[in-house]
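# Here is the input, now give the coordinates:
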Amino acid sequence: MNHFINLKDIPAKDLKKILIDAKKRKKNRSKLSTLQTDKDAPLKGKLLIQMFEKSSLRTRLSFYLAIKQLGGGTITLRSNELHLGEGGESLEDTAKILSTYGDGFMLRTDSDQKLDDFKKYLLIPIINGLSPSSHPTQVLSDVFTVEEIKKKPISKLNITWIGDSNNVLNSLIAASVKFSFKLNIGCPKKYEPKKFVLDWVKSQNKKVYIFNDAKKAVLNADVIFSDKVISLNDKVNKKIKVNDFKNFRVSKKLINYAKKDCTFLHCLPRGSEVDDAVFKSKNSKVWLQALNRVHVQKSILLYCFGKLR
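Residues are numbered from 1 along each chain as shown. Modelled structure (predicted):
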């Protein structure tokens with residue numbers, strides 16, 4: 001049994017094994033329909049319990065299909081449907097019930113501490129489907145997508161992030177350490193990654209490159225990532241923050257500073273941070289990026305269930 005909470009805590013060799021398995025599984029089901037089970041059905045009879053404290057489209061759908069294609073099933077809960085919380089059932093007791101009924105637990109949460117608390121009491125693996133500080137399933141899938149498109153290891157590519165220093169970027173930074181790729185970060189000065197994130201990178205004897213000029217950040221980039229400037233439940237003055245990022249909008253003019261065959265990726269949903277001319281261009285591979293969540297999360301599930309070959 002393995003938990004999947006933060007990329008920085010998972011050995012690089014295990015992350016690479018997950019991607020190798022995902023590549024094989026995607027290839028092997030090229031002639032199967034969406035709901036058909038993989039021929040080996042490695043998780044037949046297994047139940048994944050999903051719980052969402054925040055809105056979800058891609059994570060919810062992709063985990064549903066992932067466990068289904070592996071031969072298992074899923075049930076989806078919303079936190080407001082449970083007794084969990086003040087005046088209700090304790091987290092420890094909730095974890096014991098989840099462990100009694102299910103074989104795995106995927107949580108999208110507004111609390112990093114809650115992930116750690118569930119991990120402490122669960123008898124089944126827990127997967128972080130997004131938390132305030134990280135989005136590991138998204139970013140591992142993005143590494144898969146980059147290597148599929150570019151047909152080479154991500155370690156041989158120049159990766160750029162343009163946007164806010166959020167949970168997705170934190171996981172991308174962790175991935176840059178685990179997969180040894182160069183990562184440029186373009187953002188305004190006051191939105192740079194938090195000190196604890198950069199301190200961890202330094203502790204691994206690695207480095208990320210931060211630019212307060214978007215043009216310098218994307219120079220010679222093979223891949224440009226972006227994300228919404230205003231995240232869900234962002235407690236900020238939205239007008240001020242959007243204005244702060246006015247020079248970090250991903251436009252046709254900006255990506256001209258990157259390599260000609262530069263790929264644009266975005267975890268979605270999108271906002272005003274990218275022009276339609278880029279989002280709908282041949283450089284954009286956002287729909288493939290979204291689809292690949294299914295393939296990689298299948299292999300993440302196998303890793304968590306101890307079934308990864």
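
# where do the strands sit along this protein?
With DSSP state E as the criterion, the chain has strands at 47-52, 73-78, 104-108, 126-130, 158-162, 182-186, 209-211, 223-226, 263-266.

# what would those strands look like in JSON lines with distance to residue 65, mean neighbour count and mean pLDDT?
Bear in mind the C-beta positions are built from the backbone N, C-alpha and C, glycine included. Formatted as JSON lines, these follow (distance: least, CB to CB, whole Å; neighbours: other CB atoms under 10 Å; pLDDT from 0 to 100):
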{"stretch": "strand 47-52", "distance to residue 65": "11", "mean neighbour count": "21", "mean pLDDT": "97"}
{"stretch": "strand 73-78", "distance to residue 65": "9", "mean neighbour count": "15", "mean pLDDT": "95"}
{"stretch": "strand 104-108", "distance to residue 65": "13", "mean neighbour count": "26", "mean pLDDT": "98"}
{"stretch": "strand 126-130", "distance to residue 65": "14", "mean neighbour count": "25", "mean pLDDT": "98"}
{"stretch": "strand 158-162", "distance to residue 65": "27", "mean neighbour count": "25", "mean pLDDT": "98"}
{"stretch": "strand 182-186", "distance to residue 65": "30", "mean neighbour count": "22", "mean pLDDT": "98"}
{"stretch": "strand 209-211", "distance to residue 65": "36", "mean neighbour count": "16", "mean pLDDT": "98"}
{"stretch": "strand 223-226", "distance to residue 65": "24", "mean neighbour count": "26", "mean pLDDT": "98"}
{"stretch": "strand 263-266", "distance to residue 65": "20", "mean neighbour count": "24", "mean pLDDT": "98"}
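
# would you list those in JSON lines and tack on distance to residue 243?
Below are the strands of the chain laid out as JSON lines (distance: least, CB to CB, whole Å):
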{"stretch": "strand 47-52", "distance to residue 243": "32"}
{"stretch": "strand 73-78", "distance to residue 243": "35"}
{"stretch": "strand 104-108", "distance to residue 243": "30"}
{"stretch": "strand 126-130", "distance to residue 243": "27"}
{"stretch": "strand 158-162", "distance to residue 243": "16"}
{"stretch": "strand 182-186", "distance to residue 243": "17"}
{"stretch": "strand 209-211", "distance to residue 243": "19"}
{"stretch": "strand 223-226", "distance to residue 243": "17"}
{"stretch": "strand 263-266", "distance to residue 243": "21"}
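
# right, and those strands - which one's nearest residue 37?
Residue 37 sits nearest to strand 73-78 of all the strands of the chain, at 11.0 Å, using CB to CB.

# Show me what the closest one pairs with in its sheet, parallel or antiparallel.
strand 47-52 (parallel) (DSSP bridges).

# hmm, who's touching the strand it pairs with?
60, 63-64, 67, 72-79, 82, 98, 101-109, 129, 301 (CB atoms under 8 Å, 6 or more residues apart in numbering).

# Now do it and strand 104-108, the angle between them.
Per axes from the mean of the first three to the mean of the last three CA atoms, to 10 degrees, the angle that strand 47-52 makes with strand 104-108 is 10 degrees.
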